[in-house]
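Colleague: turn this into a structure:
(3 chains)
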Amino acid sequence: MNDPAGAPALSEIAIKPLKHVNGAAHRWVAFIVMVAFFALAPTFIYPVFLMKVMCFALFACAFNLLLGYVGLLSFGHAMFLGIAGYAAAYVAKEGLNIEAIRLGTIHIPLNIALPPFTPELAILTGVLAAAILGYVAGLLAIRRQGIYFAMITLALAQMVYFFCLQAPFTGGEDGIQAVPRGKLFGVIDLSDVKAMYATVFVIFIGGFLVIFRIIHSPFGQVMKAIRENEPRATSLGYDTDRYKLIAFVLSATLAGLAGATNALVFQLAALNAVHWTMSGEVVLMTLVGGLGTVFGPVVGVLAVLGMENYLAQLGAWVTIVQGAIFVICVLTFRRGIVGELARWIKKPL
Amino acid sequence: MSSRLKLCVAAAFAVSAAGAQAQYSDNVIKIGVLNDQSGTYSDLAGPGSTVAARMAVEDFGAAKKGMKVEIVVADHQNKPEVGSSIARQWFDVDKVDVIVDVPTSSVALAVNQIAKEKNKVLLVSTGASVDLTGKACTPNTIHWTYDTWSLANGTGTAVVKTGGTTWFFLTADYAFGHSLEKETEAVVLKNGGKVLGRVRHPFPSSDFSSFLLQAQASKAKIIGLANAGADTISAIKQGAEFGIVKGGQQFAGLLVFLTDVHAIGLDKAQGLLLTESFYWDLNDQTRNFSRRFAKLHKGAMPTMGQVGVYSSVLHYLKAVEALKSDADGAKVVAKMKELPTDDVVFGKGLVRQDGRKIHPMYLFEVKKPSESKGEWDYYKLRSTIPADQAFRPEKEGGCPLVKG
Amino acid sequence: MSEVFGIPTQALFGQLLIGLINGSFYALLSLGLAVIFGLLNIINFAHGAQYMMGAFCAWFLLNKLGLSYWWALLLAPLIVGATGVVIERLMLSRLYKLDHLYGFLLTFGLALMIQGLFRHEFGSTGLPYSIPSALEGGQNLGFMFLPNYRAWVIVSSLIVCLGTWFMIEKTKLGSYLRAATENRELVQAFGINTPRMITLTYGFGVALAAFAGVMAAPIYSVSPLMGADLIIVVFAVVVIGGMGSIMGSIVTGFVLGLAEGLTKVFYPEASNVVIFVIMAIVLMIKPAGLFGAEK
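Modeller: Numbering: from 1, shown residues only, chains lettered A, B, ... in the order given. Predicted structure coming up:
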């Protein structure tokens, strides 16, 4: 079999010529442009659409953390988005009522009976669910690399999909409907579009900054070292499996944050968020925007969701166009929009 | 997103006339057909529903009456999130007054909430969930054509009464399949039938051979298919391969549309029992209507979901005309409940307080290839379930709108 | 009548036989993936779409040209295989110097396009395709009624799988293939046209998928999305097998078909996930898969 290590690593092509450029000023400019855009856009773009964009942008950034900076292509990231959405929607609507846990003959009485959660606690529950799932899936998936890693995450996500379809609390095909947005910290009523928008905005910018911080921390440097050359990172004494697992869980957790927020925005949690087409979509968004660039996923999400929104009338053409964009990106446009832009201004973005 | 609106208009059909004297919001009544234009349900709803809505506007004579009616269409891809984005945008930005059709229960239930929140109107035709007139009922929604209860009841009762006393269920293993099975089982037992067994198959399944063997081994007279779409089609086709019908057993489809039978073909579907609220060959009126429809829709006869769109749009326009206003969704629906319904497809009927449209349902048997006189000649009528027995009694649904 | 866990042994035989039929499809598809992966190091995501194209090709040949199932069995793999050759020449060949994940992403995009186009053209309800008259009816085996067509599926897929194994492991052509899998440059240095060999290999792998598609046409409905979910199951089969050997992928395919068949009897609700569960267990015990070598 050919040795995969002989080929250049994914996204290496995108990063390499720019690696030695220093300076962060232009990044702050880009960041301010982004913040200003999302702060002002609701005056001329439909806010619910923008909230969807921000949730998916966070999702894509979380995904990019894994693919762009550790070089692991997860083809099952929808499972984190979906499971967090289900968990958040469920506790926000029903609260938490567990009488007891039965494991075979063992009977552990718990008598938990909590009323419906406030939005911030619901989101936290969703994030926690995604983190736990991320840990379990990560333990299995990081045992293999490259294409195998992609196939394993895909298969695990399919398992989660069937679980969500059949589990009693998810409402099967109907999903969890009519989820109340509730009052943030018991005070701010989120059924007001402006309040909801502000909340999503804060969550998105917060999540984005966390990812930015991770990438530029010592931990982020080790991640990149693993992407460039895993054997060398191992020989330098890094426990690469542990790093990969932590990166996987972090990515899953942030994807969960996006999923839980999204569920509150749309007031529902449904199966399509866990389906493998969603996993494919996030890969597409990141690829279009630019793998391994900080701002790429955000631009990619705007481009892809915008396109979907305008093509919604055309039915099957949405998939055809998506597929064509995939093919074109892979063949000729591997750096993505932001990657090309960065090359043009000769600075990393 | 206003260019989205332009796109909608481009894909839309407008009946325009000047000088509207009544108070319609933005001087135009805007109808949004929200369904699956490209996926699993595109044949039984899809573009055909748009055709039906257009026919309703024409037959109502909106142009002559000086009412400006516009139809917009969107594909919800069977994803509740996509469906609810479109619905919100339609109500908020594009000033759509009423959304019709909405197959896929998850999307219908999501839009149901939004229509109530924005005080607009939702007329569900292809969506099946009986919850729409039960615990999820709202003053803004009417469930038009059929629901899971009426199908289970129709098929269950009629089959047991005509000798199909022992049942085996092939059930899709998710909420929809379970509720269909539960409702049918209750009806079968009530009528003195027996359930010999059941198997829950994963959803979706492409291979039913294993489950069919289990059904065959049960020796039940009737194999109830508590599933839908591609699953039902596969089960019936493979049933023919394993000689189920030749062995003396009979399939009862709990959610089968005319287009499904068309896809299976008569040689394999023959003998299948099913319940629908409409068939093109019922009487002269339905035949005339369906031929007109087929001319506009690639020669395909309408499904009950599609004619439901026709019937619901027609009645909506009548209510708006009577009110001279489309501004308040709840008021329009209240008017629709007040006025009796009458049209060529379902005949005379009414809308109940819980939002349930009432009309007869029919039990059909799929013809043998030798009995069919040509394309689309598929059903023979086994029995008619009268309107007052066809749907779940109002009091059993738990809809808060029903008083006493 | 004797019983195993409350199920009559005779019924159990029937179910095992049916599991074997599904296993035939898994084996054919995972074999195609293994052949492609061996030489191109690409996981062909479009495999499910190409399986679907095989079925549609059979439908076209019958309804537009009046050519029977038997012709389709021969022609459909050739036609779809030829489209595979075009794809390899125009697109995949430009990616060999890059990370192999790009090949995965490219074929994913192709799968979306192909499925979308077919859905646009034919809707998703599916088209009917009848069992060839020579294989209609069935045998009463005492413990079950076995349709002739199903028996044919097992036999013919076994023949194709073993034939492929023989060609790769026992012939000279196969030895070149295996050598090129080990070291492409070296084989090229010996004067063998490896780029053409790679192209033809991809075409052959695709043809296997199309063959499976023709086999499936009379049993499952011919629909644009028939391969979309199947391919994910086959990926899991591939991960379990490990793609270390041709025989490995064949054996894994059949064995997992059996495992799935048994689940349908004892716990039908789980039959969609059982292969994924097995995959998780195998990964914990033997990360390289049952037949894979740890690198």
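Colleague: near chain B, which residues of the stretch 101-250 of chain C show up?
Modeller: Those residues of the stretch 101-250 of chain C that sit near chain B, judged by Cβ under 8 Å from any Cβ of the partner chain, are C:119-120, C:123-128, C:131, C:138, C:144-145, C:147, C:149-150, C:219-221, C:223, C:226, C:229-230. Where C-beta positions appear, they are placed from N, C-alpha and C, glycine not excepted.
Colleague: go again with 10 Å.
Modeller: Along the stretch 101-250 of chain C, the residues adjacent to chain B under the rule Cβ under 10 Å from any Cβ of the partner chain are C:116, C:119-120, C:123-131, C:136-138, C:140, C:143-150, C:216, C:218-221, C:223, C:225-227, C:229-230.
Colleague: any low-confidence regions in chain A?
Modeller: In the prediction, chain A carries residues with pLDDT under 70 at positions A:1-23, A:103-104, A:312-315.
Colleague: as a check, name the ranges of all strands in it.
Modeller: Ranges of strands in chain A, per DSSP state E, are A:96-103, A:106-114, A:183-184, A:188-189.
Colleague: quick one: secondary structure of the closest residue to chain A within the stretch 201-350 of chain B?
Modeller: For the stretch 201-350 of chain B, the residue closest to chain A is residue B:203, as judged by Cβ to the nearest Cβ, at 6.5 Å. Taking DSSP: H, G, I helix; E, B strand; the rest coil as the rule, one finds residue B:203 in the coil state.
Colleague: from residue C:271, how far out is it?
Modeller: Residue B:203 is 11 Å from residue C:271, where distance means Cβ to Cβ, to the nearest Å.
Colleague: who's more crowded, these two?
Modeller: Comparing residue B:203 with residue C:271 by other Cβ atoms under 10 Å in any protein chain shown, the one with more neighbours is residue C:271, at 25 against 22.
Colleague: can you give me the strands in chain C?
Modeller: Under DSSP E, chain C gives strands at C:3-4, C:7-8, C:138-140, C:145-147.
Colleague: mean pLDDT lowest where, among those?
Modeller: Mean pLDDT is lowest for strand C:3-4 among those, at a mean of 60.
Colleague: quick one: buried ones out of the residues of the stretch 101-250 of chain C next to chain B?
Modeller: For these, a burial check counting by 16 or more other Cβ atoms under 10 Å in any protein chain shown picks out C:116, C:119-120, C:123-129, C:131, C:138, C:143-150, C:216, C:218-221, C:223, C:225-227, C:229-230.
Colleague: and these near chain A, which?
Modeller: Intersecting these with the contacts of chain A gives C:116, C:119-120, C:123-124, C:229 (criterion: Cβ under 10 Å from any Cβ).
Colleague: closest residue of the stretch 51-200 of chain B to chain A?
Modeller: Residue of the stretch 51-200 of chain B nearest chain A, by Cβ to the nearest Cβ: residue B:175 (3.1 Å).
Colleague: among the residues of the stretch 101-250 of chain C next to chain B, name the ones in helices.
Modeller: Of these, the ones assigned to helices by DSSP state H are C:116, C:119-120, C:148-150, C:216, C:230.
Colleague: not counting sequence-adjacent ones, nearest residue to residue B:300?
Modeller: The shortest distance from residue B:300 to any non-neighbouring residue, by Cβ to Cβ, 6 or more residues apart in numbering or on different chains, is to residue B:294 (6.1 Å).
Colleague: who touches the host helix or strand of that neighbour?
Modeller: Using DSSP states H and E, residue B:294 falls within helix B:284-296. Helix B:284-296 is contacted from outside by B:47-48, B:50-52, B:54-55, B:58-59, B:278-282, B:297, B:299-302, B:306-307, B:310, B:343-347, B:376, using Cβ atoms under 10 Å, 6 or more residues apart in numbering or on different chains.
Colleague: buried subset of these as a PyMOL selection?
Modeller: Buried subset of the contacts of helix B:284-296, written as a PyMOL selection, criterion 16+ other Cβ under 10 Å:
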select buried, chain B and resi 47+48+50+51+52+54+55+59+278+279+280+282+297+300+301+302+306+307+310+343+344+345+346+347+376
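Colleague: with that, I have no additional questions.
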